[in-house]
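A.B. asks: quick check, what structure comes out for this input:
(chains A and B)
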There are 2 protein chains.
Amino acid sequence: MKQIFITNDDGIEAQGIQTLALLMSRIGEVTVVAPDSARSGAACSITPTRPVEVAEWKGRYHAPDGVAMPEPGPFPIHYYTCSGTPVDCVKIAYEHVLTCKPDLMVSGINHGDNASCSVHYSGTMGAVIEGCLKGWQSIGFSLRTLKKTANFEPFFESIVNISEYIINHPLPIDQCINVNYPEVDKLAGTKVTRMARGEWSGEWADAKNPHGKRVFWLTGHFTNLEPEDRSTDCWALENGYASVTPIQLDVTAYDTLQMLKYLEE
Amino acid sequence: MKQIFITNDDGIEAQGIQTLALLMSRIGEVTVVAPDSARSGAACSITPTRPVEVAEWKGRYHAPDGVAMPEPGPFPIHYYTCSGTPVDCVKIAYEHVLTCKPDLMVSGINHGDNASCSVHYSGTMGAVIEGCLKGWQSIGFSLRTLKKTANFEPFFESIVNISEYIINHPLPIDQCINVNYPEVDKLAGTKVTRMARGEWSGEWADAKNPHGKRVFWLTGHFTNLEPEDRSTDCWALENGYASVTPIQLDVTAYDTLQMLKYLEE
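C.D. replies: The predicted structure is shown next:
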C-alpha cells in the first residue's frame, strides 16, 4: 500500500487540506500532520525557542454549504495536529509520527497561489522544500483565490493525476514540484512552467490601534514583471492553465562563481 | 554619500548587528531596521495576521566584557526596531523608513552559520532574499559559532572588503550573497563556494512540560553529505576559510522542465 504524507499552512481545519486528504485516500494510506491553526506566510520557518506539541486530531470537518468534497478512496486517513510551523510538521512527522518513508508528500491545497516570488514566503512550499530535504517526492498544490470557501472540484482529477505521475516517475534528487491552479470552472490544460519574475508593492496598510498608535498591516499588490512571456507560472494562471513548476533546493548562482573569484585573492 | 541598510534575525540588541553597523559606518550612512527581539529560524516568513510596528530605537548597546567592537567610521547610524520578522523589516524599511534606494543591504552578523540547507531556514538570509527582491545589492554575514558572545574581530576587514567589492561590482539581477565565517582567530583565506548538500537529523529533544505533557524542542545535528568536495561552503568553513556563495532568487529546476512535459498532455 502506498503511503502519503500531507501537511499545509492553513491549518488542519482548512477546506484545502481536508479536500486533499480525501483525494489522496484514493492512492494510498494517508497521514496528515498539519498546523493546529493558520500559518500563512510561514515560509521555511522553524520553532527553535519554544516547545512544540503533536497530538491526534479528534475533530471532524464540516464542509461549508454548497461545497462539493471529493469522494474518499478506499484507504484510511490518520489526522494529527502540531503546534509548530509547516516545516516543524514535516520534521516531527519524520521522527515521531510516520513509521516508514512516504511514497509521496503533498502540501495544500493552499487558499491563494504560490507562483513567482511568492514561493519564497509560502508555508505550503516551505513544507514541500522540507519534505524534499528529507528525500521525499514532494508536491505543493495551491489555488489562486482570495475566497475562504473555494471551489476545488475542477482540480480533483489533475491533483490525483499529478500525484500518481510523480509517484511513478520520481523527480531528480533535491527537486520538488510547485503546482498552482487558476480560479476557473474548467482548466484550459496544464503547462510546465518556470517561476516568473514578480514583485509585491504597496505592501503596508496604515492603521491606528485602539490606543492611537500607528501600526501597519501587511497587504500589497503582485505584479508579473514578464507579462508577455508564455513560459512562466503567472502566464499559465492568467490564461486558465494549471501551472506545474519543478523547484530545486540548491540556490547557488553557478554562473556568478567566476565573477566573485577576485574575492579569493 | 553611500547609503547602507542593515537588518538581522537575532534582534537589534545582538552583538552581531551592532558590530556590523559600526563597520558599515566606515562605508556610508547606515540605517538599521531590525527585529525588536530574536527571530532565529524565521526564513522568509512574513506577518499577515497581526499589525506590525516600527519605532526609533533609543537603546544603547553595551558590549560584553572583553569584546572588541570595531572603531566606527565617519558616517551616522540610525537605528529602528520592528515588531515583525526579518523580511517584514526589509519591507517596512522599503516603504516607510528609507528615503532612497540603498547602495547595499547587509544582514547579520548571524550568531550561527547559514551554510548548506540552513540557508532555507535562515532569517538572516530571508532578509537578504527580500532585499534582493527589492532590487538591492544584498549580502548576509554569518559566523559558525554556538557562543552567545562571539569574537567577530578576525572578520572585520573581510566584511568591509566584501561589502565594498559588491558596491563597486554589482551582482547580476536577482542574485545575492551568503557569506559564512569559521570560528577562527585568523582566516586561512576566502573561497567562492556552492551550497553543499547537507541534512539535519536527530532534530527533536523529547521533554515534559511542567504539567507532565510530552513536548519536543527543536535541536539536531548537521551532516555535510559531500565532505570530500572542496567546492562547497561547508568545506571552506571546515578548513578555516571564509565562504562566499552567490545565491539566486529563481528556484526553477530548468533541467527537469522537459521530463514533466508528459503532464501537459
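A.B. asks: in which helix or strand does the residue most central in space within chain A reside?
C.D. replies: In chain A, the C-alpha nearest the mean C-alpha coordinate belongs to A:Thr124, at 2.8 Å (C-alpha atoms, centre = their mean). A:Thr124 belongs to helix A:123-133 when assigned by DSSP states H and E.
A.B. asks: and the residue at the greatest distance from the centre of chain A, what does it touch?
C.D. replies: Ranked by distance from the centre of chain A (C-alpha atoms, centre = their mean), the top residue is A:Glu265, with 42.9 Å. A:Glu265 is in contact with no residue at all, counting by C-beta atoms under 8 Å, 6 or more residues apart in numbering or on different chains. Glycine gets a C-beta too; all of them are placed from N, C-alpha and C.
A.B. asks: residue ranges for the strands of the stretch 101-250 of chain A, please.
C.D. replies: In the stretch 101-250 of chain A, the strands defined using DSSP state E, counting those that start in this stretch lie at A:104-111, A:138-143, A:175-181, A:189-192, A:198-201, A:204-208, A:214-218, A:221-224, A:241-248.
A.B. asks: now those as TSV including distance to chain B, mean neighbour count and mean pLDDT?
C.D. replies: Formatted as TSV, the strands of the stretch 101-250 of chain A follow (distance: least, C-beta to the nearest C-beta, whole Å; neighbours: other C-beta atoms under 10 Å in any protein chain shown; pLDDT from 0 to 100):
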stretch	distance to chain B	mean neighbour count	mean pLDDT
strand A:104-111	12	29	97
strand A:138-143	11	28	98
strand A:175-181	5	27	98
strand A:189-192	4	20	98
strand A:198-201	7	16	96
strand A:204-208	5	13	95
strand A:214-218	4	18	96
strand A:221-224	12	14	96
strand A:241-248	4	25	98
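A.B. asks: and A:Gly59, what does it touch?
C.D. replies: A:Gly59 touches A:Ile12, A:Glu13, A:Tyr79, counting by C-beta under 8 Å, 6+ apart.
A.B. asks: which of these lies closest to chain B?
C.D. replies: Within the contacts of A:Gly59, proximity to chain B (C-beta to the nearest C-beta) peaks at A:Glu13, which comes in at 15.4 Å.
A.B. asks: can I take it that the closest one is in a strand?
C.D. replies: No - according to DSSP: H, G, I helix; E, B strand; the rest coil, A:Glu13 belongs to no strand; its state is coil.
A.B. asks: on contacts alone, who are the packing partners of the helix holding A:Thr124?
C.D. replies: Helices and strands touching helix A:123-133, by 3 or more C-beta pairs under 8 Å, 6 or more residues apart in numbering or on different chains; DSSP states H and E, are helix A:86-92, strand A:104-111, strand A:138-143, strand A:175-181, strand A:241-248, helix B:118-121.
A.B. asks: again, only this time at 6 Å
C.D. replies: Secondary-structure packing of helix A:123-133 (3 or more C-beta pairs under 6 Å, 6 or more residues apart in numbering or on different chains; DSSP states H and E): helix A:86-92, strand A:104-111, strand A:138-143, strand A:175-181.
A.B. asks: tell me the strands beside the third one, with direction?
C.D. replies: Applying DSSP bridges to the sheet, strand A:138-143 is found paired with strand A:104-111 (parallel), strand A:175-181 (parallel).
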